[in-house]
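Novice: have a look; sequence and predicted model below, questions after that.
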Amino acid sequence: MNFVAYTFSDLGNELDIFTKSYTIEEFIVCPIEEIKNLKPKEERRCRFCGLDYSQTTFDNKPHIISELLGNKYLISDFECDKCNTFFGANYENDLANFLGMSRTFSGVKNKKDKIPIFNSPGYNLSARRTEFHGIKEGLIISLSKSAKGIFNIDSKEGRTEIKYPKQPYIPLKVYKALLKIALSILPEKYVLEYQYTFEYLKRSDNKYSEVAKIIHYELPYNHIVHNPVSFLFKKLKPESRIINHVFALYFQNHVFQFPIPFSKVDIDNNLYNGEPYSVPLCPPLLLSKPEFGAKYFRAIKDLSSNEKVREEEKITFSFDPNIMNDLKAYDSKTGEVTDKAFDPDEITEIYIAPYNSETLFYKS
């Protein structure tokens, strides 16, 4: 596959190492209209349970990439209704909680075609999309009266920090929600090769959970993808002591990447016999060259726990430190402008407007 991509300058060496070991086998962008040419129901077999049309039903429209990530039209013809219900009921809520405010922040619509409202535990902080003086696509983040220490504004340094708890989630269920997407992207010719992985996907215990680790990147917002994108990489040399397939999912400004475990090729190559083996990483593949000095965040996320976790999230914004010196108080109801001093401790709402937005304030 011919593919022109960029990455961050300090990750160029990692990209060279990866491309010498792997090739792109699948590159999928979620479509903007419903796909056609699906198999007739009577020819379908579920890759997750093995049952065919004579043994189960295929009435739903299962999404290859979760609908909560903004995928509307990339649907499959290889997932039965029973498995579709199982995955939705057992894993998707944890994935949504893991993503925190990001779906609201990015304006990703849910199954009801609405942007979800985010509420932190105890409703100390909420975030929702709303109109604000003529701006229709902005985000308003509100605090309850009892909330303390969530908004931190440092006018001297020119930095705003919003720190809040996410809804609790079970890490292993998040991993399996992502693994289910990877196994849905997998070409049909490999399904039998990954039978152990399909069995692992539906286990309710945490046996073999040591594989449940992912690489998480956060990219600058000018590299956001508006529809989810996925890559499936395959190793070039079957005998190499590296994982057979690596999967990467791009969602808004996030990248989730991990090796797909338990393939027959890897088991036959004794990758799970306790001896070390390598897992090369693919840096983020960008459609445009990153700006000089552009920063990204990268972390290894251990999702092996089957216990509910409570996690704090942080959003940081930068602004011109001098801008606070000339602020004036404005009453949005009356249009009155006063010389009242700005007090960061009095802030109960922050409104984030899209770039180049214009407000329709009272003229004074």
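Specialist: Done, it's in.
Novice: can you tell me the element Thr85 falls in?
Specialist: helix 81-90 (DSSP states H and E).
Novice: name the helices or strands packed onto that helix?
Specialist: Where contact means 3 or more Cβ pairs under 8 Å, 6 or more residues apart in numbering; DSSP states H and E, helix 81-90 is packed against helix 171-185. Any C-beta I mention is one placed from the backbone N, CA and C, and that applies to glycine too.
Novice: switch the cut-off to 10 Å
Specialist: helix 171-185, helix 195-201 (3 or more Cβ pairs under 10 Å, 6 or more residues apart in numbering; DSSP states H and E).
Novice: just the CA trace of it, in CSV.
Specialist: Taking C-alpha atoms only, helix 81-90 is exported to CSV below (Å, rounded to 0.1, in the frame of the first residue of the first chain):
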residue,chain,number,x,y,z
ASP,A,81,-27.1,-10.1,17.5
LYS,A,82,-26.2,-12.0,20.6
CYS,A,83,-22.5,-11.2,20.4
ASN,A,84,-23.3,-7.6,19.5
THR,A,85,-25.5,-7.3,22.6
PHE,A,86,-22.8,-8.9,24.8
PHE,A,87,-20.1,-6.5,23.8
GLY,A,88,-22.3,-3.5,24.1
ALA,A,89,-23.5,-4.4,27.5
ASN,A,90,-20.2,-5.6,28.9
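Novice: average pLDDT for it?
Specialist: On average, the pLDDT along helix 81-90 is 97.
Novice: for Ile153, find the nearest of the helices and strands packed on helix 81-90.
Specialist: Set against Ile153 and scored by Cβ to Cβ, the helices and strands packed on helix 81-90 come closest in helix 171-185, at 31.7 Å.
Novice: and the closest one with helix 81-90, angle?
Specialist: Using axes from the mean of the first three to the mean of the last three Cα atoms, to 10 degrees, the direction of helix 171-185 lies 150 degrees away from that of helix 81-90.
Novice: next one: helix 171-185 to chain centre, how far?
Specialist: Averaging C-alpha positions (Cα atoms, centre = their mean, to the nearest Å) puts helix 171-185 12 Å from its chain's average.
Novice: can you check stretch 220-229 too?
Specialist: 10 Å.
Novice: now it: buried residues?
Specialist: 223, 225, 227-229 (16 or more other Cβ atoms under 10 Å).
Novice: out of the helices and strands packed on helix 81-90, which gets nearest to Glu33?
Specialist: The nearest among the helices and strands packed on helix 81-90, by Cβ to Cβ, is helix 171-185 at 19.4 Å.
Novice: could I get the helices and strands packed on helix 81-90 as TSV with mean pLDDT and distance to Asn124?
Specialist: Putting the helices and strands packed on helix 81-90 into TSV (pLDDT from 0 to 100; distance: least, Cβ to Cβ, whole Å) gives the following:
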stretch	mean pLDDT	distance to Asn124
helix 171-185	98	23
helix 195-201	96	35
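Novice: what would these look like in TSV with mean neighbour count?
Specialist: Compiled in TSV, the helices and strands packed on helix 81-90 are given as follows (neighbours: other Cβ atoms under 10 Å):
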stretch	mean neighbour count
helix 171-185	23
helix 195-201	18
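Novice: would you list the ones you listed in JSON lines and tack on distance to Pro62?
Specialist: Conversion of these to JSON lines gives the following (distance: least, Cβ to Cβ, whole Å):
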{"stretch": "helix 171-185", "distance to Pro62": "8"}
{"stretch": "helix 195-201", "distance to Pro62": "14"}
